[in-house]
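**Q** Turn this into a structure:
(2 chains)
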Amino acid sequence: MNKYRADVTVIPKDGVLDTQGKAVERTLQSHGYDAVTGVRVGKFIRLEIEAQDESAAGDIARSVADDLLVNNLIESYSFTLETPR
Amino acid sequence: MRTAIVVFPGSNCDRDAREAILDMGLGSVDMVWHDEDVFPEPPDLVILPGGFSYGDYLRSGALAARARIMKAVREHAMSGGLTLGICNGFQVLTETRLLPGALLPNSNLRFICGPCYLRVERNNTPFTRSFPDRQIVQFPIAHHEGLYFLPPDELEELEERHQVVFRYADPETREAGAEYSPNGALNGIAGIISREGNVLGLMPHPERATLKNLIRGTDGRGVWQSLGEHFGVFGVLGVREAVR
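**A** A predicted model of the protein is given here:
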């Protein structure tokens, strides 16, 4: 078995009101960052997964995200897997 | 009538709900810890109370929705048993998908606590049958995640099926809708019922508007009165009405 590190990023879906993102965006613009738009505030979750190989670790990461980490009505996610050294 | 109130770590309106039910004379109450597998006795009504279950970690209601007792709650609800989720309990019901939608952070990003006015949109449910049609009621609210959200298509379906039971309203004009949402809730939605009509979730707290001489208002009594009538507790129906 190998140990993998999954970094899961959860973000509000397009069309879902993200009040935190809006507030951050307004503040940035009031600080003169006119170039910055489309701010979305989400979550970052790190997991360690024991699995036979990277494909199996990916399956577990997806399952964990779908079961609990993400509410797919309002959030979408992506993840990266770091392979063992 | 037998009520089971589920207690999660961080629930804080469980005892308010019990006091409300006992004050109304609605029969016995079982306080059921989240880690139990089953209810001590088959309940007529299950209440998921307000509070901050599991510290609202991850998403409000997300961890409570996966608690051990929730299998029994789901079975109760799926077999037609009356289920009432108040505030955090509403969030738990959406996380279990027993009710559609999600509760997002309030549009002003603040915790809102205070009296609020609602219009009873349906009085043909077991939870609202004692209210006059389109009655304006005052229940307090206390939440940070109360913005009811559903994607546009599904929101339209929800409205078409008349699943909105409570809507934020102006007590003077008696109008209700999004412009009266203290939290940005779409269409002013404060409470909804399942398609089958046995699972109700709402953000405001009827149990905190029940005991007399406690805080402003006792409009919440209408909810318990309705349930008592539904189950024949007050003798209105003469015989106990079976729901299952």
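
**Q** Please enumerate the strands of chain A.
**A** All strands of chain A, identified by DSSP state E, fall at A:2-12, A:43-51, A:75-82.

**Q** I misspoke; the intended subject was chain B.
**A** Secondary structure of chain B, counting by DSSP E: strands at B:2-7, B:28-33, B:45-48, B:82-86, B:102-104, B:112-120, B:136-143, B:147-149, B:164-168, B:189-193, B:199-202.

**Q** between the ones you listed, which gets nearest to A:Asp18?
**A** Ranking the strands of chain B by distance to A:Asp18, with CB to CB as the measure, places strand B:102-104 first at 8.3 Å. The way it works is simple: take the backbone N, C-alpha and C, and place the C-beta from them, glycine included.

**Q** In contact with the residue of chain B found nearest chain A: list those residues for me.
**A** At 4.8 Å from chain A, B:Ala102 is the closest residue in chain B, using CB to the nearest CB. Listed by CB atoms under 8 Å, 6 or more residues apart in numbering or on different chains, the contact partners of B:Ala102 are A:Asn71, A:Leu73, A:Ile74, B:Thr94, B:Tyr148, B:Phe149, B:Leu150.

**Q** Surely B:Tyr184 touches B:Glu145?
**A** If you look again at residue B:184, you'll see it is Gly, not Tyr. No - checked against CB atoms under 8 Å, the pair B:Gly184 and B:Glu145 is beyond contact range at 10.8 Å.

**Q** Common neighbours of the two, please.
**A** When contacts are counted by CB under 8 Å, 6+ apart, B:Gly184 and B:Glu145 have B:Leu104, B:Asn106 as shared neighbours.

**Q** Mind putting the strands of chain B into a markdown table with mean pLDDT and distance to A:Ala51?
**A** Compiled in a markdown table, the strands of chain B are given as follows (pLDDT from 0 to 100; distance: least, CB to CB, whole Å):
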| stretch | mean pLDDT | distance to A:Ala51 |
| --- | --- | --- |
| strand B:2-7 | 98 | 35 |
| strand B:28-33 | 97 | 35 |
| strand B:45-48 | 98 | 36 |
| strand B:82-86 | 98 | 37 |
| strand B:102-104 | 96 | 31 |
| strand B:112-120 | 96 | 44 |
| strand B:136-143 | 97 | 40 |
| strand B:147-149 | 97 | 35 |
| strand B:164-168 | 98 | 45 |
| strand B:189-193 | 98 | 41 |
| strand B:199-202 | 98 | 38 |
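
**Q** Distance of the residue nearest to B:His230 when sequence neighbours are not counted relative to B:Ala102?
**A** Spatially, and ignoring its direct neighbours in sequence, B:His230 is nearest to B:Pro126 (4.0 Å; CB to CB, 6 or more residues apart in numbering or on different chains). Applying CB to CB, to the nearest Å, the value for B:Pro126 to B:Ala102 is 25 Å.
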